[in-house]
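Enquirer: Any chance you could fold what I've pasted below:
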Amino acid sequence: MGKLEVIPTSDSCAFAQSGVSDHMTKEPNFFFSYISCFGQEKVQVADGTFTPLSGKGNVSFSPKITLTSVLHAPKMSCNLLSISKLTKTDNCSGTFFPNYCVFKDLTLGKMIGSAKERNGLYYLDTEEGEKVQAYQIQRTAE
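Expert: Residues are numbered from 1 along each chain as shown. This is a model prediction of the structure:
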């Protein structure tokens, strides 16, 4: 089984890169539907420790972006978006440019979000100016 490495950076307002396999949030109030985890499910972080998952569900990240099967990891200090999952299961497309990217809803054909690239991470442009701690994620084989 592989592990998910979470490497903290000094920036804020992060939008994680394509190496993230799942959307994750620490915020319980983001969920509009939720299923609790009754097992011992955890995510391994870069320092080798594990952070528990409390559940998963659907989240309205902004008025234009609804994410499905988001993992609830309350002890993480960040919110992470998976570009791969956003494009594969959340019916969106992503177009990447040297300094930014844009996301479109494939059903409506309209732009639903954008992110600016800084130091290899994409920082989501949020309407509410929400601050999120930056993390770089890597999946590795064990």
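Enquirer: Nearest to the spatial middle of this structure, which residue is it?
Expert: L81 (1.6 Å; Cα atoms, centre = their mean).
Enquirer: any idea how far that one lies from N58?
Expert: Separation of L81 from N58 (Cβ to Cβ, to the nearest Å): 14 Å. Backbone N, C-alpha and C define where each C-beta goes, glycine included.
Enquirer: Just the mean pLDDT for stretch 121-128, thanks.
Expert: Mean pLDDT, stretch 121-128: 69.
Enquirer: and what of stretch 23-41?
Expert: On average, stretch 23-41 scores 87.
Enquirer: For it, measure first residue to last.
Expert: Taking Cα to Cα, to the nearest Å, stretch 23-41 runs 15 Å from one end to the other.
Enquirer: Likewise for stretch 95-109?
Expert: Terminal residues of stretch 95-109 lie 13 Å apart, using Cα to Cα.
Enquirer: Which positions within that stretch qualify as buried?
Expert: 101, 103-105 (16 or more other Cβ atoms under 10 Å).
Enquirer: Rebuild the residues you listed as TSV, extending it with secondary structure and pLDDT.
Expert: Shown next, in TSV, are those (DSSP: H, G, I helix; E, B strand; the rest coil; pLDDT from 0 to 100):
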residue	secondary structure	pLDDT
C101	strand	88
F103	strand	87
K104	strand	91
D105	strand	89
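Enquirer: And these, which is closest to T68?
Expert: T68 lies nearest to D105 out of these, by Cβ to Cβ, at 13.5 Å.
Enquirer: ok, how many other residues are close to the closest residue in space to that closest one that isn't next to it in sequence?
Expert: Distance criterion Cβ to Cβ, 6 or more residues apart in numbering; nearest residue to D105, sequence neighbours excluded, is I112 at 5.0 Å. Using other Cβ atoms under 10 Å, I112 has 19 other residues around it.
Enquirer: How confident is the prediction for I112, by pLDDT?
Expert: pLDDT at I112 comes out at 85.
Enquirer: Right, I'll leave it there.
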